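> model the structure of this input:
(chains A and B)
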Protein chains: 2
Amino acid sequence: MTYCLAIKIDAGLVFVSDSRTNAGPDQVSTYSKMRSWGAAGDRQIVMLSAGNLATTQAVVTRIQRDIDEQVEGNLFSLRYMSEVAEYLGKLNVKQQTKHVDQGMTAGFNAEATFIVGGQIAGQPPNLYMVYPQGNYINVSDTSPFMQIGEAKYGKPILDRIIHHDTSIDDAVRCALVSMDSTIRSNVTVGPPIEIVTYLTDSLVMGKYWKLEADDPYLLDLKSAWDEKLRQAFCELPRLE
Amino acid sequence: MTYCLAIKIDAGLVFVSDSRTNAGPDQVSTYSKMRSWGAAGDRQIVMLSAGNLATTQAVVTRIQRDIDEQVEGNLFSLRYMSEVAEYLGKLNVKQQTKHVDQGMTAGFNAEATFIVGGQIAGQPPNLYMVYPQGNYINVSDTSPFMQIGEAKYGKPILDRIIHHDTSIDDAVRCALVSMDSTIRSNVTVGPPIEIVTYLTDSLVMGKYWKLEADDPYLLDLKSAWDEKLRQAFCELPRLE
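Now for the predicted structure:
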């Protein structure tokens, strides 16, 4: 499985992804699920993926080839983030149906889901979820985050903390707490964890981190959160 | 949906259930998902249910009828908690297949899952999960809790807090925090929340609470946990 999430706040965008893929318990690998494309001053786009690894790789390859060959409607010529979502949806469906059409579909699921976000000059930043069927939705104003993969374990903390006026720093920390809870409760989600931030109207990519399992900050965060949660728990009122 | 959980600690057992059932968004009802049977000094048994409401009601009715008619192998004559799980599994399969056999199975799912726990005199307390197929598993020593229904949202806090030496009070509070996180993140889980405790070797039922949505303790717990979580979050180290 996978756990990826993206947050859209007034200050910008935050993208976080795990790197564990598995096709059965004895076929566990590490692949990045985060891709980004950008031209300073013009656009910055980040994509997170969940689902069939062959499909997501084929989609990424096709995006890059369309850019390299300057095909009409490539990632650098589209004018709106919604067009980017539309384009990604079409590539997604195309890659999935390519293999399904060959009739080799027994127990086979080529589906992939994407989160794509960023900003194109002259437009506000935006965030979309692109479904396996190629359709897509915009992020909500009231719950300004999107999750793909193992989304449930890490949702409660996002529900509590993330609002449109949350700071980038807090959004990053909250996303990492959400990731930590998920990794703790589900073995199919695992490090390295990639994080990238984008500041509204900057049109350059923000900070990028790749945290391995033994990263000192990640270990600090885990133990601090664990300790503080226990302490918070101990101070709760008792049911009499 | 449903969220029920049970905890087995050295000090005893804790059972917690929500009460929302839904067969579509315009058919939402409130039903208790907790049943208990007992005879002071001899045995105390608590059952939590998730899944098809008709199946769970039919199973409960049959358990009660077997007791009333003093059928051999009823809940008051079985000698081990594992026999109780076996008996419950058989009733569960029987009730499900009754309707499936009639061929009216299009889009119909009669499955139900149960958690059953308690103590029979001369035996240690125990906790089982009974699957729709009638088979069952015993609670683990290292993760001494079981969940049915919408289990993922509320699992991280249980993973962190619950150990075999947790106190009954802490287990109750932790179960309620887990329930609160689930209710917050998923609208198909809702109050009233029922809680019952059982103290090891007491052979009488412990405390019972039924908390409505506006119960002062529940509101207190929710706001205290929300505030303490935010505060704990604010104190976390920042990623530089």
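
> from here on, just use CA atoms for contacts and neighbour counts.
Will do.

> so which residues on chain A come close to chain B?
Contact residues (CA under 8 Å from any CA of the partner chain) of chain A with chain B: A:152-156, A:159-161, A:169-170, A:172-174, A:181-182, A:184-185, A:217, A:220-221, A:224-226, A:228-230, A:232-234, A:236-239.

> so what's the residue lying closest to residue A:115 once chain neighbours are set aside bridging to?
Leaving aside its sequence neighbours, residue A:115 sits nearest to residue A:129 (CA to CA, 6 or more residues apart in numbering or on different chains; 4.5 Å). With DSSP bridges as the criterion, residue A:129 is bridged to residue A:115, residue A:137.

> wait, residue A:129 sits on residue A:146?
Yes: using CA atoms under 8 Å, residue A:129 is in contact with residue A:146, at 7.2 Å.

> circling back to that earlier point, can I get the buried ones among the residues of chain A next to chain B as something I can paste into ChimeraX?
Selection of buried members from these for ChimeraX, criterion 16 or more other CA atoms under 10 Å in any protein chain shown:
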select /A:152,153,154,155,156,159,160,161,170,172,173,174,181,182,184,185,217,221,224,225,226,228,229,232,233,236
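
> which ones among the residues of chain A next to chain B map onto strands?
Judged by DSSP state E, the residues of chain A next to chain B include no members of strands.

> which ones among the residues of chain A next to chain B map onto helices?
The helices, defined by DSSP state H, take in A:155-156, A:159-161, A:169-170, A:172-174, A:181-182, A:184-185, A:217, A:220-221, A:224-226, A:228-230, A:232-234 from these.

> just to revisit the earlier point, quick check: neighbours shared by residue A:129 and residue A:146?
Common contact partners of residue A:129 and residue A:146 (CA atoms under 8 Å, 6 or more residues apart in numbering or on different chains): A:115, A:139.

> closest residue of chain A to chain B?
residue A:153 (4.7 Å; CA to the nearest CA).

> check contacts around that residue.
So residue A:153 contacts A:178, A:181-182, A:185, B:152-156 (CA under 8 Å, 6+ apart).

> of all those residues, the one with the weakest confidence?
Note: of these, the lowest pLDDT belongs to residue A:185, at 87.

> so what's the nearest residue to that residue once chain neighbours are set aside up against?
Of all residues not flanking residue A:185 in the chain, residue B:156 sits nearest, at 6.0 Å (CA to CA, 6+ apart). If a contact means CA under 8 Å, 6+ apart, then residue B:156 has A:153, A:181-182, A:184-185 as its contacts.

> 7 Å instead, please
Neighbour list for residue B:156: A:153, A:181, A:185 [criterion: CA atoms under 7 Å, 6 or more residues apart in numbering or on different chains].

> residue A:196 now?
A:14-16, A:206-209.

> which strand or helix spans it?
Element membership of residue A:196 [criterion: DSSP states H and E] is strand A:193-199.

> farthest pair in the contacts of residue A:196?
Comparing every pair within the contacts of residue A:196 by CA to CA identifies A:16 and A:206 as the most remote, at 13.0 Å.

> those two - which one has more neighbours?
Ranked by neighbour count (other CA atoms under 10 Å in any protein chain shown), residue A:16 and residue A:206 place residue A:16 first, with 26 against 16.
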